[in-house]
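Q: fold the following and give me the result.
(4 chains)
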Number of protein chains: 2
Amino acid sequence: MAKCVIGNEIRKLRFLAGEMTQQQLADRTGVTRQTLAAIENGKYYPSLELAFRIAHVFGLPLTEVFSFRLDEDSK
Amino acid sequence: MAKCVIGNEIRKLRFLAGEMTQQQLADRTGVTRQTLAAIENGKYYPSLELAFRIAHVFGLPLTEVFSFRLDEDSK
DNA sequence: TCATCTTGTCAAGCATATTTTACATTTAAT
DNA sequence: ATTAAATGTAAAATATGCTTGACAAGATGA
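A: This next block holds a predicted model:
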């Protein structure tokens, strides 16, 4: 199965949203600061539910916060 | 934290896609038939990655396959 | 200097997604 | 009447998401 990569614009969107801190975003999405940091830094992917919540905070559709692309170079 | 509900159009989309079976969709998304059945029937939510893969098979953006709404009636 | 805020990160544990195996029911075809 | 395909479902095991608690480092301001 082809692997895939999911990118996110969280760091950019936080700063576009008036320097919102990780802590503030964490509070508004109902997770911990550590969870958000890990997701921002690509340690793991959020659940679908959390991804929707994050997008909702920014007032954007999920697909404008998280991007999907097939990783053709791996098998 | 307000709970939320995530709905999906998988069952509808499978049949719109020429009666695609759960098995075929499972094969094309790299998961088992049981995982797909569970997601279709709302037993649990897919991972973000799997949600993207499913949408990709149907050639639709994720947000047209999965819908998010806050569940205002729970606390 | 000292205190505070923000972020990075780690380890241990809990929660949830997914797999595997298996069995049952329904529908359609032979 | 039987076979096969599609689906529902369930238990046990593994993988991953998320929490909690903690410590460190850089930036900022008193």
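Q: model confidence score at A:L70, please.
A: With respect to pLDDT, A:L70 has a value of 87.
Q: nope, A:M1 is what I meant
A: 64.
Q: likewise for A:D27?
A: Note for A:D27: predicted pLDDT of 96.
Q: helix or strand: which one has it?
A: Using DSSP states H and E, A:D27 sits within helix A:22-29.
Q: quick one: residues in contact with that helix.
A: The set of residues external to helix A:22-29 that reach it, using Cβ atoms under 8 Å, 6 or more residues apart in numbering or on different chains, is A:10, A:14, A:32-33, A:35-37, A:40, A:50, A:53-54, A:57. No exception for glycine: its C-beta is placed from N, CA and C like everyone else's.
Q: highest neighbour count among the residues you listed?
A: Of those, A:I54 is surrounded by the most neighbours, 26 neighbours in total, counting by other Cβ atoms under 10 Å in any protein chain shown.
Q: that residue contacts A:V65, correct?
A: Yes. Using Cβ atoms under 8 Å, A:I54 is in contact with A:V65, at 6.0 Å.
Q: overlap of the contact sets of these two?
A: A:I10.
Q: quick check: closest non-adjacent residue to A:E9.
A: A:V65 (5.5 Å; Cβ to Cβ, 6 or more residues apart in numbering or on different chains).
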